Structure formats: C-alpha cells, structure tokens
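Asker: Next one to model:
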Amino acid sequence: MSHMPSIFRFAELYQQLAMYDGLSGKGRYALLSLLQHLTEQGAAAIASSVLHYKPLQLPKALPLRSAAAAEQSSSRQTDGSKVQRPSTTQQGGMPAVAHQQYTAAGSDVSTVKQLELVRDILRAVQGLTGRYCSFNPASTAGNPATSGPGVLIAPHDQLKLQLGYRTLMHELGELGFLYRRVLAAIQSGRSPHTGSVRQALCAALGEEVTDFYRLMAVLEAQLATPQPTPGADETDVAGSYLSLRRLQLWLAEPMRRMRFLAVLVDGCANRVGGDLAGRVWAASKIGDPLASSYATRILHQMCVPLFDMIRRWVFEGVLEDPACEFFIVPSSTNTSSNRDLWRDAYRIEPAKLPPFINAELAATILRAGKSINFLRDACNDARWVQEWAPGASEAAAELGYGQLPVLERVVSSAGQRVDARLMAVLQSSGELDKHCQAIRRYLLLGQGDFVVALLDCLGPELNKLAKDVSEVTLNHLLRTALLASAGGAQEEGGVQDRLKAYKAQTGDLETGWDAFSLQYQLGPPLSSIFTSAAQSSYSRLSKLLWFMRRTENSLGQAWKLLKVDIERIVPRFKQDACRGGLDDLLASCLHLRAEMAHFVINLQYYVNLEVLECAWSEFMTASAAASDLDCLIAAHDKFLDVVLARALLGPGRAEGLRHTLNQLLRTCMSLAPVVQRFCEKVRASRITWLVQLPSLWEVPLEVWWAWVLGPSSVVTPAVHYQSNSLWICSMAGGGTGSSQTVCFSSPCSRCTLEL
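Answerer: Residues are numbered from 1 along each chain as shown. Coordinates of the predicted model:
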C-alpha cells in the first residue's frame, strides 16, 4: 500500500506525456520515474539518486471486463462444483479485482486530446450537451436523489480516459447541472402571474448568472491559446491557455456560487412574499462568508418590492398585492355596512412576515395603514390623507434591506402623525366625550332625575305582561322621561335619537320589566369602540342597575303603605287582642322593610360608587391619554371587564353569587305586594272610622273618597260643611237597591265619616 500513491501519480503523469510524440515510450518511463524519485527523496540526494537510480516497474494495464465476459465467468463458476475465489490481497492488502480495475482505468492511453475535453466541458458547464458529457433529463427536471446522477460521461469503451480526468469531468459537469436547475427557476419566475418578490428573486439570480456568462466568455477566449508542449517553458506561450486542471481552478468559485444558488432555489420553492424573503434571509446568516455575501446581495433586490408595499401601506393605506405576498392581508371578505372598520378590516399574516421585521414593527406598520383607511372610510377625512401622504412618503422612497433602523424611525414617525390626527377627529367630529357622558348619565343611570322620571313613565306599562308591551310605546315614554329630566331637552349630537328602549323576546308569563333594556346606538367611527359586544355588556349592567332601582322603589312603596296607611288606621281599632296582633305585625313589617332597604342601598352604593364610578374615572383618564385607537379600545375593554367582574356579572364563581343576588332582590320586591294585601285586609276589617283633617282645602275630596271606598265605587259623594268638618253620609246596608244620600244641613243619624 505504501507504493500505491506513487503508482497512481506516475500513471497520471504518463498519460499527459502520452498525448505528445516528443519522447519514446522507454524514455517517458525513465523520465517520469526519475522525477517521481527525486520528489520523494528530496534535493539532498539528487546526485546519488542519479548514479544509482533504477526506473520503477510500471504495472501492466489490465482491461476492464465487459458485461458479457462477466456473465461467462459467472456461468463457468456456477457450472463447476467448486467456485474458485480470487486472491483477496494484493499490493499490501488491496482487493485484487478492485486493484486490477483501478490500474486498468488509470493506465489506458487517452485517444482524445485535452483541448477537446476542455471544449466539451465548457459546453457542459453552460448546460449544453457535449460530445462526451450529457445530462440526465429526469434528474434535471425532478429530484436528483431519486432519479439518478445528473451528469452522464461517455462510457469507457467510447471514451478512454484515465480515472483522474473522468472524475474531473464529473466534477466540472456538476456545474452545468446546477446551472440548468437555476436557469429553470429563473424562467419559471417570468410568468405574469408570479408575485413581485419572486420576480425580484429571479432578477437577482439572473444577475448572478450574467456574471457566470462573463466568465464563460473569458474562458472561451482562452481556448484559442494553444497548450504548451511537454518540456517547453510556459513563459514562451503567448497568452493564457486552458487545461482541465486550470479549468478546475477557474470554475472553483462559480461552482460554489452555483451550488449555493441551486440549494437556495430548491429551498425557496412554493414560497411567496415575506416567507420567500425570510428563506433568503436565513441563508444569509450561515457561517460561510461567501454564501452569506451572495444571499445578502440577492436579499437587497428582493426587498425592493417588499419595502415599496410597506411604504404605500404606511403613507397611503393602499394594499396593492395581487399575488398575496404582503404580510398584511384583509381580515375578511365581509363588506356589509355593520362590519367593524377597525377590527374586521386588516390583520397580520404570521406565515408571510419576514423574520427581519419584528412583531413590534409589524404592529406599527399595520396600525399606520389601518388608521389611514379608518380616517378615509369611517371618519370621512380623505382630504387630509391626500394632502399629507405625498410629502411624508418621500422620506421612505429609497429605503432598503440594509436600512431597517431607518425604516423603524420612519414608520414610527408616520404612525404617530396619523394616530394623532385620528384621535383629534374622534374628539371633534366624532364627539367622543359627549357620547361617553351620555352613556354614563342615561345608560348607566348616572342622572337621578331621569331615572325617577323613567320609572314613573314606564312603571304602568312595564308592569304588564311582556307580550302586551309595545316597543313603540316604550320609546315614546322614554322620550317623555328624557324631556322631563334636567338638560334632556337641550341634549345635542343626536342623544335623544340614539337612546332607545328595546324589548327582548321572552316568555308569555314574564313581565315587561324582564324584557326591557336601554341601548345607546352609535355608528362609525365610534362603533369600533362601542361594539355590539360592548353594547351587550352595557345592557347586562343596565339591567342590574334597573333591577336595584326597581327594588328600591318597591320598598319605598311598601314604606308608604305601612307608615301612611296602615299605621294611621290601626289606632282606630279598639284595644283588644286583635289590636295587639296588628301592632306586632306592623312593627315586624317595618323592621323587615328596613333590613331590605339597608341591603339594597348598600348594594347600590357598592355598584354605583365603588365599581362604576372608580372604573369610569380610570377609563376617562386613559381615554384622554390614549395615543392611538388601539389604546383607546383597550382602555374601554378593560373598563367593561373590570365593571362586569366587580359587579358579579362575569363568568366563573360570580355566576353562583349572581344567582343568589337575583333571588335576594326578587325577595325584596315581593314585600310590596304583601304589604298591599295587608293594607287591604286592614281596610276591609274596619268599615267606618274617623280621621280628622287639619286643613280641608289641601286634598281634593275625590281623592279621599276613592281612597276610602276604592276606585271601583260608583257613588258620587255629597258633602256639607260644618265647623271645618266634612261629613259624608252613606248607607251601611249595602244590599240591593241601597243608596247613599247627602246631608246638606247637619249630620244625620247615618253620617258615619268625618274628614
């Protein structure tokens, strides 16, 4: 094995000399053997080596066996009873068969001059089929790993070459195979339906291939220079000549470049837009500085259309992306009038976001374009956009991949300018503060006189069954209550038209209070803040507030019956056991009502002051300090979440507490009907009694008469006056044909009531 490298080297040098006729065969043996010996021994032993040198014995070349000979040999071995195996070691342990084939391939004398091989290789590296080198069509068009080798060299029986030259042709032919793959990718990107980013990639690859064409032109020019003969001085040769070894050196750098481009083309398949740019960016971060420089140069050209999309979006709000390459895409195809122009308009597609654009910068880019479109579509402020965009976009006209910090500053500055304009428009044209205060006063019951007026107006209507309540009547009564409240008639900005009473679909046995709710309707641009989900939250909160106010009002009615009616009637009873029971029952009812009122008042205090007022104050502070619409929406959403959670209207554990709270409020509301029945029983048990009226002229007689006899009485009272006393004469019989008479002069025997 120690002599094998020397033999191979000797055979290679011999093949180079065999193409020329300057030396005989024996002289060539002696010359190359001497040179090889001097190389191994060194310069110090030149003299003794010349005197005692004996030429190396070249191994006799053995021809490669053909397929037919192999089959015949195999058949002979099969027919015999004992198969003879060749010697397994030769030349220090090398397998004999492999050694013979390798020696035979390296010892054949080439019948083709090197110049022809160089010319054929130059055709091959340009993707053309040559005389001795061709390409596998299946491997070029498909996957080389599954379709065989890409480069095909003429077989040994057609082209006799030493092993080194044949290997070199395979290596150089790979460049042509890679070039064909890159060229196919460039041609596929020239379709009119291809995106602009991929077209930029193909243009950058075309420039790299153009550099390769220039090199090929230089090498083609060197083919005209004749190769020197063995032994001639290279300085005597005019110009540079080409050999296979020199061609290998010339094509070393193009090979690395084309191999990188082919790998890049394969990795970029089926990618578009920002994802495609991200793949090239990842290739620029590898450790090979040469490959990194190639990728960076390509990436600069690819980012030109991508940055142009960013510029037009940030400064004009235009999304011109027919091939769907930009990382900002429309959120939905919903074009109805009730869609949210802020949330449902555009979004970021993470799969198309290039990795060199971070999430914060992408969010700023998205918000800037959304704000411009929101100003144009929702706020009707397109004129400002047209005046501002041309001058502002000049700062970003020349931005590219290597200027990401500059891009961040430009986008941030443009976004701040557009956001400031949008917030100013919301405050001025949108009247944000005015509508917020209207919601607080009317929808969240912040104005007390409006609540009292609305209870008085809607009470009789909402006490009916829900199926008998008309929504038109409710809105009419709501407008009446709004006009009766302080400042309701002077409300501007369409507050009266936006506040609506709504009746939900409920069961037949539920009352109008269960189906009633207030809504404050807002359109663009404020509908992006007060969305339908926010309106639903406001409706739930308003229902709770109305429930507490109804409960408080019901307990007030119960107190009126107990203190004004029953407490004034009970003393007229005689001092007996019935009188004592009535006193105890009255005291129990008053105590129970006081406990219920204490609970309801504290609950209202908690919800109105500790929950609503604190959260509302924080929301108004955050609203005034909001720098963009996203911050304003986040502050409003936070306000609703905090209020719903603290008012026991949120999910989770609050559901059980909310159910208990509703039961307690319903129990409190059930006290008034019980007290009403109690009062009716007390009245029925005492038909006649005497009540002194301090001032006769303060209360109309009809009111007191209806209060005593009931609203169903058809008796027209007759009165007469005597000493500031009003005597009503009535008949106590009550049978058929009974009537009531009036005393005109003095009380008669039937006068039973003095007011």
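Asker: Show me the helices in the stretch 451-600 of the chain, by range?
Answerer: Remark: helices assigned in the stretch 451-600 of the chain by DSSP state H, counting those that start in this stretch are 471-484, 495-498, 512-515, 532-560, 567-569, 577-605.
Asker: Minimum distance to R440: which of these has it?
Answerer: helix 532-560 (10.6 Å; C-beta to C-beta). C-betas here are computed from N, CA, C, even on glycine.
Asker: The closest one packs against which elements?
Answerer: helix 448-462, strand 516-520, helix 577-605, helix 629-646, helix 654-669, helix 671-685 (3 or more C-beta pairs under 8 Å, 6 or more residues apart in numbering; DSSP states H and E).
Asker: nearest to L499, of those?
Answerer: Using C-beta to C-beta, the helices and strands packed on helix 532-560 put strand 516-520 closest to L499, at 5.7 Å.
Asker: Tell me which residues are up against that closest one.
Answerer: Under the contact criterion C-beta atoms under 8 Å, 6 or more residues apart in numbering, strand 516-520 has outside partners 435, 438-439, 442-443, 458, 462, 469, 474, 478, 498-504, 530, 535, 538-539, 542-543, 546.
Asker: Mind doing that once more with 7 Å?
Answerer: 438-439, 442-443, 462, 474, 498-504, 535, 539, 542-543 (C-beta atoms under 7 Å, 6 or more residues apart in numbering).
Asker: confidence score at A217?
Answerer: Listed pLDDT for A217 reads 90.
Asker: okay, now it: neighbour count?
Answerer: Neighbourhood size, A217 [other C-beta atoms under 10 Å]: 9.
Asker: Please identify the most buried of the helices of the stretch 451-600 of the chain.
Answerer: helix 512-515 (a mean of 20; mean count of other C-beta atoms under 10 Å).
Asker: ok, residues contacting that helix?
Answerer: Counting by C-beta under 7 Å, 6+ apart, E461, L462, N463, K464, A466, V469, K503, A504, T506, R550 sit against helix 512-515.
Asker: let's go with 10 Å and repeat that
Answerer: 458-471, 473-474, 502-507, 543, 546-547, 550, 669 (C-beta atoms under 10 Å, 6 or more residues apart in numbering).
Asker: Would you mind listing which of those are buried?
Answerer: 458, 461-462, 466, 469, 474, 503, 506, 543, 546-547, 550, 669 (16 or more other C-beta atoms under 10 Å).
Asker: Closest one of the residues you listed to G164?
Answerer: For those, the nearest to G164 is K543 (92.3 Å; C-beta to C-beta).
Asker: so where do the strands sit in this protein?
Answerer: With DSSP state E as the criterion, the chain has strands at 133-135, 151-153, 328-330, 346-348, 499-503, 516-520, 719-722, 725-729, 751-754.
Asker: right, and F678 touches L561 too?
Answerer: Yes: taking contacts as C-beta atoms under 10 Å, F678 lies within contact range of L561: 7.8 Å.
Asker: which residues are common contacts for those two?
Answerer: Common neighbours of F678 and L561 (C-beta under 10 Å, 6+ apart) are C589.
Asker: Tell me the confidence at H37?
Answerer: So H37 comes in at 66 (pLDDT).
Asker: quick one: which of the helices of the stretch 451-600 of the chain is nearest L215?
Answerer: helix 532-560 (65.1 Å).
Asker: Okay, angle between that closest one and helix 577-605 too, please.
Answerer: 150 degrees (axes from the mean of the first three to the mean of the last three C-alpha atoms, to 10 degrees).
Asker: from now on call the first residue 405
Answerer: New numbering, starting at 405: the last item is helix 936-964.
Asker: what angle separates helix 936-964 from strand 903-907?
Answerer: Using the same axes, to 10 degrees: helix 936-964 against strand 903-907 is 80 degrees.
Asker: Spatially nearest residue to R883, not counting backbone neighbours?
Answerer: Leaving aside its chain neighbours, R883 sits nearest to Q900 (6.5 Å; criterion: C-beta to C-beta, 6 or more residues apart in numbering).
Asker: nope, K774 is what I meant
Answerer: Counting by C-beta to C-beta, 6+ apart, the residue nearest K774 is Y750, at 5.6 Å.
Asker: Return the set of residues that bridge with that neighbour.
Answerer: P734 (DSSP bridges).
Asker: Run through the residues that contact it.
Answerer: 717, 721, 723, 732-736, 770-771, 773-774, 777 are the contacts of Y750 under C-beta under 10 Å, 6+ apart.
Asker: Filter these down to the buried ones, PyMOL style.
Answerer: To isolate the buried ones among the contacts of Y750 in PyMOL, judged by 16+ other C-beta under 10 Å, type:
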select buried, resi 717+721+723+732+770+771+773+774+777
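Asker: which of the contacts of Y750 lies closest to R585?
Answerer: For the contacts of Y750, the nearest to R585 is V733 (31.8 Å; C-beta to C-beta).
Asker: Please verify my assumption that that closest one contacts G773.
Answerer: No: with contacts counted by C-beta under 10 Å, V733 stays clear of G773, the gap being 11.6 Å.
Asker: List the residues that contact L1053.
Answerer: Applying C-beta under 10 Å, 6+ apart, the residues contacting L1053 are S941, R944, L945, K947, L948, V1011, L1044, V1047, E1059, R1062, L1065.
Asker: I'd say the third one and L1044 touch.
Answerer: Yes: using C-beta under 10 Å as the test, L945 is close enough to L1044 to be in contact (8.3 Å).
Asker: Return the set of buried residues in stretch 564-574.
Answerer: So, applying 16+ other C-beta under 10 Å, buried residues of stretch 564-574: L565, Q566, L567, G568, Y569, R570, L572, M573.
Asker: number of nearby residues for the nearest residue to the last one once chain neighbours are set aside?
Answerer: The spatial neighbour of M573 that comes closest, neighbours along the chain excluded (C-beta to C-beta, 6+ apart), is I557 at 5.4 Å. As a burial measure, the neighbour count of I557 was computed by other C-beta under 10 Å and equals 21.
Asker: Could you check the pLDDT of the residue nearest to R883?
Answerer: For Q900, the model assigns a pLDDT of 81.
Asker: Could you report the separation of it from L866?
Answerer: According to C-beta to C-beta, to the nearest Å, Q900 stands 20 Å off from L866.
Asker: and what of F539?
Answerer: 88 Å.
Asker: Equivalent analysis for S644, please.
Answerer: For S644 relative to L866 (C-beta to C-beta), the value is 104 Å.
Asker: what's the answer for F920, then?
Answerer: Distance from F920 to L866, by C-beta to C-beta: 6 Å.
Asker: if I look at those two, which residues touch both of them?
Answerer: Counting by C-beta under 10 Å, 6+ apart, the contacts common to F920 and L866 are V873, L878, A905, K907, W950.
Asker: The fourth one touches L869, doesn't it?
Answerer: No: in this structure K907 lies outside contact range of L869 using C-beta under 10 Å: 11.7 Å.
Asker: G795: how many residues sit nearby?
Answerer: 9.
Asker: show me what contacts it?
Answerer: F719.
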